[in-house]
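Visitor: take this sequence and fold it.
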Amino acid sequence: VLSSTSAFYLPGLAPNVFCRNPIPDSKCKTKLDVFVNRLDSVESVLPYEYSYFDFCGIADEPSPVENLGQVLFGERIRPSPYKVNIQLN
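Guide: The predicted structure follows:
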C-alpha cells in the first residue's frame with residue numbers, strides 16, 4: 001500500500017488547534033485573533049494607516065511583536081476590533 005502526502009512549513013508559524021469550549025490546561029484556542037496592516041488605495045501610490053479613516057478603529061490591545069523586516073518595510077501590524085469565535089453563529 002502506497003500513500004502520498006505533501007506539506008510545507010513556514011519557520012516561526014506553527015499550526016493552531018481550535019475548539020468550541022475552552023479546555024483547562026490545553027493549548028486549544030476558542031477565539032481567532034484578527035490583525036490589520038494598512039489600506040491600499042487604487043487612486044494613490046501611498047497606503048493609508050488603518051486608523052486614518054473614522055470607520056476603521058483600532059482595538060485597545062497591545063500590538064504583536066514585529067520582526068526587523070516588518071519594521072524596515074514599514075509594516076505596522078495592529079489588532080483589529082473584530083472578534084471571531086470558533087464554531088459559533
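
Visitor: can you tell me what sits against the helix or strand of the chain with the lowest mean pLDDT?
Guide: Lowest on mean pLDDT, DSSP states H and E among the helices and strands of the chain sits strand 48-49, with a mean of 74. Strand 48-49 has contacts (C-beta atoms under 8 Å, 6 or more residues apart in numbering) with 38-41, 76. Every residue, glycine included, has its C-beta placed from N, CA and C.

Visitor: list buried residues within those residues.
Guide: Buried residues within the contacts of strand 48-49, counting neighbours by 16 or more other C-beta atoms under 10 Å: Arg38.

Visitor: and the two most separated of the contacts of strand 48-49?
Guide: Ser41 and Arg76 (16.5 Å; C-beta to C-beta).

Visitor: what's in contact with the very next helix or strand once past the least confident helix or strand of the chain?
Guide: Next helix or strand after strand 48-49 toward the C-terminus (DSSP states H and E): helix 68-72. If you take C-beta under 8 Å, 6+ apart as the criterion, helix 68-72 is touched by 75-77.

Visitor: save those residues as a markdown table, and put in secondary structure, pLDDT and distance to Leu2 too.
Guide: Formatted as a markdown table, the contacts of helix 68-72 follow (DSSP: H, G, I helix; E, B strand; the rest coil; pLDDT from 0 to 100; distance: C-beta to C-beta, whole Å):
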| residue | secondary structure | pLDDT | distance to Leu2 |
| --- | --- | --- | --- |
| Glu75 | coil | 76 | 43 |
| Arg76 | coil | 76 | 48 |
| Ile77 | coil | 80 | 43 |
